[in-house]
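Undergrad: Here you go, sequence then predicted model.
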Amino acid sequence: MISYFRTFFLLFFIVSPSFGWVLNDPYSANEAEQKIYYTSYAEQPKTLDPAKAYSANEYVFISQIYEPLLQYHYLKRPYKLEPLTAFSMPAVTYYNKQGVRVSAEAGAEITRSVYTIRIKSGVFYQPHPAFAINAEGVSVYKGLSAEYLATHDINQVRDFKQTGTRELTADDYVYQIKRLASPRSNAPIYGLMSDYIVGFREYAQTLPHQLTHHAFLDLRDYRLAGVQTLDRYTFEITIKGQYTQFMFWLAMPFFSPIPWEVERFYAQPGMHEKNIGLGWYPVGTGPFMLTQNNPNSSMELTKNPNYRDDILTSQGTELDHKKGYLAHAGEKLPLIDRAVYTLEKESIPRWNKFLQGYYDLSGISADSFDQAIEVSRTGKPLLTPDMMDKGMRLETVTEPTVFYLGFNMLDQVVGGASDRARYLRQAISIAMNYDEYISIFYNGRGRAAQGPIPPGIFGYQEGEKGINPYIYTWGSEGAKRRALSEARALMIKAGYPGGRDPKTGHPLILHYDVAAAGGPDEKAQLNWMRKQFDKIGITLNVRATQYNRFQEKMRNGNAQLFFWGWNADYPDPENFLFLLYGNNGKVHHGGENAANYHNPRFDSLFEKMTNQANTAERQQIINEMVDLVRYDAPWVWGLNTQSFILRQQWVGSVKSNTIANNTLKYLSIDVPIRNALRKIWNQAIIWPIITLFLLLILFLLPFVYAYQKHQRAMATRIRT
């Protein structure tokens with residue numbers, strides 16, 4: 001037996017140094033040399049249909065698969081649109097009510113604008129069974145039945161054996177715009193596009209309603225007046241009046257192409273029951289295609305083998321070169337072969353796997369902030385020594401977002417244009433110390449908002465000109481929040497001395513509606529909010545409901561106070577100021593003005609500002625608009641957030657883009673460095689096992705010795 005132990009140890013110490021793998025590696029060995037990007041997601045996307053999706057966690061995938069007509073230039077700042085699948089930038093012509101062509105400066109004379117768009121030839125879709133045809137040119141998978149899917153064991157798209165492709169055409173863009181108008185799509189931008197695209201609303205009314213929801217309705221058979229195909233590669237969109245921001249919409253996934261064959265393919269019997277549809281299996285011309293969709297576990301993007309020759313630009317500044325954004329200039333995109341997204345609902349496991357090198361990028365949660373970041377005396381965030389030793393790189397980005405506490409301006413207590421209600425809103429605005437909120441709950445990642453426009457968007461102003469004078473004063477040390485004594489004085493002017501309701505003699509009770517919040521972080525934030533209101537004598541009653549119920553309250557105007565946010569769809573002040581435009585009120589118009597704010601002067605300025613270029617005149621108009629809403633205080637202006645992103649040293653530098661989402665194609669991975677560091681960071685600690693094994697042997701030796709002695713004694717007796 002002792003010889004067996006000796007043999008085992010010799011083999012262990014000879015073989016163990018030559019182990020070529022890491023024992024705790026969650027990925028298969030055949031992935032080690034591939035250019036794969038590993039990351040995680042915390043919430044499953046609800047749909048990947050570009051007509052329906054409008055959330056950041058959905059755009060993470062959609063923007064890599066689908067290609068709208070335009071995109072934002074990778075390197076140029078301020079952001080600049082450029083052609084993506086369009087051959088050139090759309091040509092826009094303007095006409096007056098007599099049908100006479102006029103210039104863009106004609107302003108109110110313009111009654112319609114025509115966008116003529118020519119797309120590139122030679123752009124092909126990813127392989128998909130909807131495009132599979134036989135030798136006679138007939139679709140292989142047309143006229144399928146539910147029985148066919150069952151007998152052929154088809155449960156997902158990749159179970160179909162044959163695939164094909166075809167070239168992108170102008171008709172595919174026209175078809176998608178018709179899908180946006182179709183009530184069956186329930187597109188979130190239907191209302192907005194109805195106000196602009198000619199015949200959009202009327203088109204929806206012409207579609208038959210007797211079909212079952214999942215039966216195929218060929219939208220090509222129904223004419224949309226404002227969208228016309230001119231030839232294979234050219235089409236026109238006609239909009240009402242002049243809307244210069246429409247160009248930005250052409251860079252959003254809503255305006256991605258959808259082939260009619262794909263919609264017909266997914267409409268066949270049995271497909272919906274197996275979740276085989278555009279919401280689950282997208283089909284695009286982009287650099288990646290979705291090859292695995294198990295949102296409860298992982299999702300995987302793979303390079304589209306039919307992707308055209310798309311070369312990384314070399315048109316950058318000296319700073320772009322210095323920061324490494326052009327390290328792969330001239331190379332074909334995308335720079336990686338696959339991207340693997342793993343579901344991680346908890347922040348701690350996600351963070352630990354990142355530190356082990358199993359995720360390539362990571363945000364920084366509040367739990368991990370002190371481990372990753374230390375703040376210098378000047379307030380600058382720096383990496384901790386541990387992170388620097390690992391070669392991590394920190395990227396800080398001020399996001400074009402605004403989060404705010406909103407007042408329902410239709411409410412009899414906090415709403416309306418009376419002095420009493422305005423004093424109350426201003427008092428609450430002073431008491432709500434968002435500087436403190438950012439410090440406690442965001443680790444200082446952000447700044448208190450001064451108005452509806454966030455940093456980085458035209459119209460935002462820095463310094464003394466940019467502060468909200470009703471909440472802050474300006475001095476030698478910059479902006480300083482007004483004292484609580486001023487808030488209490490405003491409460492007296494509002495008719496609530498000490499925060500007491502004169503009608504009851506009791507503290508004023510205000511109701512705060514919020515989507516269900518059950519986690520410890522959410523509870524802590526709600527407790528903090530109660531304390532802010534308590535400073536001026538107001539009792540805050542939190543009414544937590546499910547998100548669907550919360551949305552219903554907002555639509556019906558039954559909320560009194562609420563928390564909301566907005567992230568830029570496009571880099572223009574109109575995209576934020578329209579959140580306070582009267583005709584965009586949520587209750588009366590179904591728009592995004594959740595506060596239902598209405599000020600005739602603000603509305604007239606908005607209509608004057610919206611189609612102007614970013615000039616000094618436009619800035620003056622915006623300044624007046626911002627002054628109006630600061631005075632009226634329909635929002636407590638809340639915060640503009642800042643994100644901290646950590647990159648592993650093997651991840652190539654990618655210039656951050658707070659507007660676009662199609663940047664995965666620019667990301668690169670240095671595979672040899674990643675493999676080497678993973679092995680170093682994940683060396684198995686085996687000495688405790690060896691020690692325990694040795695102790696076990698020492699413990700067993702007396703028994704082995706006694707056993708062998710007993711055996712020898714028995715053998716002696718037998719011989720004698």
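TA: Cool, the structure landed.
Undergrad: For the stretch 301-450 of the chain, just list every one of the helices.
TA: 318-322, 347-355, 369-372, 385-389, 419-431, 434-441 (DSSP state H, counting those that start in this stretch).
Undergrad: JSON lines please, covering those helices and showing distance to residue 697, mean pLDDT and mean neighbour count.
TA: All C-beta spots, glycine's among them, are computed from the backbone N, C-alpha and C. Shown next, in JSON lines, are the helices of the stretch 301-450 of the chain (distance: least, CB to CB, whole Å; pLDDT from 0 to 100; neighbours: other CB atoms under 10 Å):
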{"stretch": "helix 318-322", "distance to residue 697": "60", "mean pLDDT": "94", "mean neighbour count": "12"}
{"stretch": "helix 347-355", "distance to residue 697": "34", "mean pLDDT": "93", "mean neighbour count": "17"}
{"stretch": "helix 369-372", "distance to residue 697": "40", "mean pLDDT": "93", "mean neighbour count": "17"}
{"stretch": "helix 385-389", "distance to residue 697": "38", "mean pLDDT": "95", "mean neighbour count": "12"}
{"stretch": "helix 419-431", "distance to residue 697": "71", "mean pLDDT": "97", "mean neighbour count": "22"}
{"stretch": "helix 434-441", "distance to residue 697": "55", "mean pLDDT": "92", "mean neighbour count": "17"}
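Undergrad: Would you reformat those as CSV and include distance to residue 493?
TA: Output for those, formatted as CSV (distance: least, CB to CB, whole Å):
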stretch, distance to residue 493
helix 318-322, 52
helix 347-355, 45
helix 369-372, 41
helix 385-389, 51
helix 419-431, 5
helix 434-441, 23
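Undergrad: now stretch 190-207: mean pLDDT?
TA: Stretch 190-207 shows a mean pLDDT of 94.
Undergrad: Off-centre distance for it?
TA: 27 Å (CA atoms, centre = their mean, to the nearest Å).
Undergrad: Endpoint to endpoint, stretch 30-42 covers what distance?
TA: Using CA to CA, to the nearest Å, the span of stretch 30-42 from its first residue to its last is 27 Å.
Undergrad: Show me what the longest strand along the chain pairs with in its sheet, parallel or antiparallel.
TA: Ranked by residue count under DSSP state E, the longest strand found in the chain is strand 635-647. When pairing is defined by DSSP bridges, strand 635-647 lines up against strand 361-363 (antiparallel), strand 393-398 (antiparallel), strand 401-407 (antiparallel), strand 446-448 (antiparallel).
Undergrad: Please find the angle between the direction vectors of the third one and helix 419-431.
TA: Using axes from the mean of the first three to the mean of the last three CA atoms, to 10 degrees, the direction of strand 401-407 lies 140 degrees away from that of helix 419-431.
Undergrad: how far does strand 401-407 sit from the chain's center?
TA: Distance, centroid of strand 401-407 to centroid of chain: 18 Å (CA atoms, centre = their mean).
Undergrad: Equivalent analysis for the last one, please.
TA: Distance of strand 446-448 from its chain centroid, counting by CA atoms, centre = their mean, is 20 Å.
Undergrad: Next, the buried residues of the helix or strand immediately after it in the chain.
TA: Downstream of strand 446-448, the next assigned helix or strand under DSSP states H and E is strand 472-475. Across strand 472-475, burial judged by 16 or more other CB atoms under 10 Å covers residue 472.
Undergrad: Direction included, what does strand 472-475 pair up with?
TA: Assessed with DSSP bridges, strand 472-475 is paired to strand 478-481 (antiparallel).
Undergrad: I'd like the distance from the next helix or strand after the strand it pairs with to the chain centre, please.
TA: Later in the chain than strand 478-481, the nearest helix or strand by DSSP H and E is helix 484-493. Here the centre of helix 484-493 is set off from its chain's centre by 40 Å, with CA atoms, centre = their mean.
Undergrad: same check, this time on stretch 601-614
TA: 28 Å.
Undergrad: swap in stretch 594-610?
TA: With CA atoms, centre = their mean, you get 28 Å for stretch 594-610.
Undergrad: Tell me which residues are up against it.
TA: 243-245, 406-410, 415, 417, 554, 557, 562, 564, 573-574, 577-583, 585-588, 618, 621-622, 624-625, 628-629, 632, 634-635 (CB atoms under 8 Å, 6 or more residues apart in numbering).
Undergrad: Give me the buried positions along that stretch.
TA: Quick answer for stretch 594-610 (16+ other CB under 10 Å): 594, 595, 596, 597, 598, 599, 602, 603, 605, 606, 609, 610.
Undergrad: how about a markdown table for those residues, with distance to residue 24 and secondary structure added?
TA: A markdown table is the format used below for the buried residues of stretch 594-610 (distance: CB to CB, whole Å; DSSP: H, G, I helix; E, B strand; the rest coil):
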| residue | distance to residue 24 | secondary structure |
| --- | --- | --- |
| 594 | 47 | coil |
| 595 | 51 | coil |
| 596 | 54 | coil |
| 597 | 55 | coil |
| 598 | 59 | coil |
| 599 | 60 | coil |
| 602 | 59 | helix |
| 603 | 60 | helix |
| 605 | 60 | helix |
| 606 | 57 | helix |
| 609 | 57 | helix |
| 610 | 56 | coil |
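Undergrad: Please, which helix or strand holds residue 47?
TA: With DSSP H and E as the test, residue 47 turns up in no helix or strand.
Undergrad: follow-up on the earlier one: nearest to residue 509, out of the strands paired with strand 635-647?
TA: Of all the strands paired with strand 635-647, it is strand 401-407 that lies closest to residue 509, at 15.0 Å by CB to CB.
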